[in-house]
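A.B. asks: Sequence first, then the predicted structure, then my questions.
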Amino acid sequence: MAKEEETTGRGPGAGIELQEEDIFAAMREIPGYLDITPRDFKEIYALAFQHALERLSREMSVEEIMTREVVWVQQDTPLAEVAAAMGQRGISGVPVLDDTQRVVGVVSEKDFLTVMGVKESQNFMTLVASCLRSKGCVALPIKKQNAGDLMSSPAVTVRPETRVRDLAELFTDRHINRAPVTDAEGRLVGIVTRGDLVKATLAGGQP
Amino acid sequence: MKFAFFSKMTGLTQSPPRVSGTEVFWSWLGSFLGIAAVAYINDGFLEKTDLVLIIGSFGASAVLIYGAIKSPLAQPRHLIGGHIISACIGVSAWKILFFAPWLAAALAVSVSIAVMHLTKTLHPPGGATALIAVIGSPKIHHLGYLYALIPVAAGATIMLAVALIVNNLAPTRRYPEYWV
């Protein structure tokens, strides 16, 4: 029995766990013979509850799950500063803004890897490998460049009212891990990542 | 492994609650009238003919359509569909395998259950309807595929009509849950 509880444990959220005696009591209130056991009903209820949570999480909007305090850079920010900011905050991409706070692009780890000669499989180990093969640092050729030179532009952005369901589709279709959130004028209001998406689909549906 | 197998036989949950006295009354009234209608026509009009209108499986149908009316098994689609499909399969089994009645009986019931599943018409008394087509009297065998029409379809329809009237006269009841 204890094992069963574990597997269905994430059903009715962290709060109320429906007991078979509750179901039994409810069944007594319904006139007529119900062709189901309390246990079967409980199982259906737990699964249905899970489906409801998933449905609600898909219907949530980006605004509810996005990060509002965004690390951003400008087009003329030197790449050394961009890389330092990303490293310090432990993030893998930053939006690039113009003077009017409009999002003009995104600089991500992938963009760095590309210009540092890692053409095919864009990951850290490929970079290490090419570093070990060459004389000197592969980052040297881009030392003088700015965020504007490196960024992917135009940026794939979303609006605060975009549905989380559509966001998941966008991430998958465009092979991206984050999208700046902009208002109607294209100004940055937040950022939403794959991590935010995962958190939103967790049981409880809490943002 | 062995322990797990046997532990599955211990049961997991309690039995559902007993229904109220009112429910018992309506179940009794419905089944009384339903079977009475079919039996009365059978005795009064078909006694001297080769036809019958009542078969044993209607007793089982009565349990469902007057006693467990919310069950999917008791809905009109299942009552009518399950009986007619099983009757056809039962008659076919007898016609093809009359020389091996045990095999005809087993196939009639098992194929009926499979086809009722596939057609979403599962109705337990259908299994009895199929079996009766094989193990029934010479009078039943003589009917051939007419068996599916009279008694099976006709009797089930009369019982359905009574169910629609009685179950909806009861203030706490509503029937059916769905038609198709």
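C.D. replies: Everything's here; your move. Numbers count the residues shown, from 1 in each chain, chains lettered A, B, ... in the order given.
A.B. asks: Quick one: name the residues of chain A near chain B.
C.D. replies: Residues of chain A that fall close to chain B, judged by C-beta under 8 Å from any C-beta of the partner chain: A:20, A:24, A:27-28, A:31-40. Using the backbone N, CA and C atoms, a C-beta is placed for each residue, glycine as well.
A.B. asks: Take those residues and lay them out in TSV including secondary structure.
C.D. replies: Compiled in TSV, these are given as follows (DSSP: H, G, I helix; E, B strand; the rest coil):
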residue	secondary structure
A:Glu20	helix
A:Phe24	helix
A:Met27	helix
A:Arg28	helix
A:Pro31	coil
A:Gly32	coil
A:Tyr33	coil
A:Leu34	coil
A:Asp35	coil
A:Ile36	coil
A:Thr37	coil
A:Pro38	helix
A:Arg39	helix
A:Asp40	helix
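A.B. asks: biggest separation within those, which pair?
C.D. replies: Farthest-apart pair in the residues of chain A next to chain B is A:Pro31 and A:Arg39; separation 21.6 Å (C-beta to C-beta).
A.B. asks: Quick one: list the elements packing against the helix or strand where A:Ala46 lies.
C.D. replies: Per DSSP states H and E, A:Ala46 falls inside helix A:38-59. Applying 3 or more C-beta pairs under 8 Å, 6 or more residues apart in numbering or on different chains; DSSP states H and E, one finds that helix A:38-59 contacts helix A:20-29, helix A:164-174.
A.B. asks: right, and these - which one's nearest B:Phe5?
C.D. replies: helix A:20-29 (24.4 Å).
A.B. asks: The closest one - contacts with which helices or strands?
C.D. replies: Checked by 3+ C-beta pairs under 8 Å, 6+ apart, helix A:20-29 has helix A:38-59 packed alongside it.
A.B. asks: Now do the buried residues in the helix it packs on.
C.D. replies: A:Pro38, A:Phe41, A:Lys42, A:Tyr45, A:Ala46, A:Phe49, A:Gln50, A:Leu53, A:Ser57, A:Arg58 (16 or more other C-beta atoms under 10 Å in any protein chain shown).
A.B. asks: Output the below-cut-off pLDDT ranges for chain A.
C.D. replies: A:1-16, A:117-122, A:135-140, A:202-207 (pLDDT under 70).
A.B. asks: quick one, domains of it?
C.D. replies: As recorded under automatic domain parsing, the domains making up chain A are A:2-59, A:63-200.
A.B. asks: ok, and which of those domains has the densest surroundings?
C.D. replies: domain A:63-200 (a mean of 16; mean count of other C-beta atoms under 10 Å in any protein chain shown).
A.B. asks: Okay, now that one: how far is its last residue from its first?
C.D. replies: Start-to-end span of domain A:63-200 (C-alpha to C-alpha, to the nearest Å) is 12 Å.
A.B. asks: measure the residue nearest to A:Leu79 when sequence neighbours are not counted to A:Val115 for me?
C.D. replies: Excluding its sequence neighbours, the residue lying closest to A:Leu79 (C-beta to C-beta, 6 or more residues apart in numbering or on different chains) is A:Gln145, at 5.2 Å. Taking C-beta to C-beta, to the nearest Å as the measure, A:Gln145 falls 8 Å from A:Val115.
A.B. asks: what angle do the helix holding A:Ala46 and helix A:20-29 make?
C.D. replies: Angle, helix A:38-59 to helix A:20-29, by axes from the mean of the first three to the mean of the last three C-alpha atoms, to 10 degrees: 100 degrees.
A.B. asks: how close does B:Ile35 sit to B:Gln75?
C.D. replies: B:Ile35 is 19 Å from B:Gln75, by C-beta to C-beta.
A.B. asks: likewise A:Ile30?
C.D. replies: A:Ile30 is 17 Å from B:Gln75, by C-beta to C-beta.
A.B. asks: Please list all residues in contact with A:Met27.
C.D. replies: A:Leu34, A:Pro38, A:Phe41, B:Pro16, B:Pro17 (C-beta atoms under 8 Å, 6 or more residues apart in numbering or on different chains).
A.B. asks: residues near the last one, how many?
C.D. replies: Counted by other C-beta atoms under 10 Å in any protein chain shown, the residues lying close to B:Pro17 total 16.
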